[in-house]
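Trainee: Model the structure of this input:
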Amino acid sequence: MKITPLEDRVVVKPAEAQSVTGGGIVLPESAKEKQTRGKIVHVGPGKMLNSGKRAPVSVAVGDEVYYGQYAGTEVKVDDEKYVILEESELLGVISR
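Mentor: Next up is the predicted model:
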């Protein structure tokens, strides 16, 4: 199954939560924080403007992004977790 986002929405695959701290302490599931970082896997066509043209989305498939902790809608497709966000809910793009 495939998710096709509408308008200026993007589908993000959240990064895996850390299970071990920097000091080597193993964290139980209940202590792991909700991830706010992930990789974009699908991008919508862009928001429709009053002029009838589409405003392009400023991110692309493969970009790593940060988003708000309570932003978007979590969905599960084929046992994989994804977050669907509007472009305005993205906080920044990670560049290396």
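Trainee: all contacts plus neighbour counts: C-alpha atoms, from now on.
Mentor: Fine.
Trainee: low pLDDT regions in the protein?
Mentor: Scanning the chain for pLDDT under 70 picks out 17-22, 24-34.
Trainee: For the residue nearest the centre of it, list the residues it contacts.
Mentor: Nearest residue to the geometric centre of the chain (Cα atoms, centre = their mean): V12, 2.9 Å. By Cα atoms under 8 Å, 6 or more residues apart in numbering, the residues touching V12 are G38, K39, I40, V41, H42, Y82, V83, I84, L85.
Trainee: three-state assignment of the first one?
Mentor: Assigned state for G38: strand (three-state reduction, DSSP: H, G, I helix; E, B strand; the rest coil).
Trainee: A55 versus that one, what's the distance?
Mentor: G38 is 23 Å from A55, where distance means Cα to Cα, to the nearest Å.
Trainee: Tell me the bridge partners for the residue nearest to the centre of the chain.
Mentor: Following DSSP bridges, V12 is listed with bridge partners I40, V83.
Trainee: between G38 and A55, who's got more neighbours?
Mentor: G38 (22 against 13; other Cα atoms under 10 Å).
Trainee: Please name the residues that touch the more buried one.
Mentor: V12, K13, P14, A15, E64, V65, Y66 are the contacts of G38 under Cα under 8 Å, 6+ apart.
Trainee: list the buried ones in stretch 78-92?
Mentor: Residues Y82, V83, I84, L85, E86, E87, E89, L90 are the ones in stretch 78-92 that count as buried (16 or more other Cα atoms under 10 Å).
Trainee: Many thanks, have a good one.
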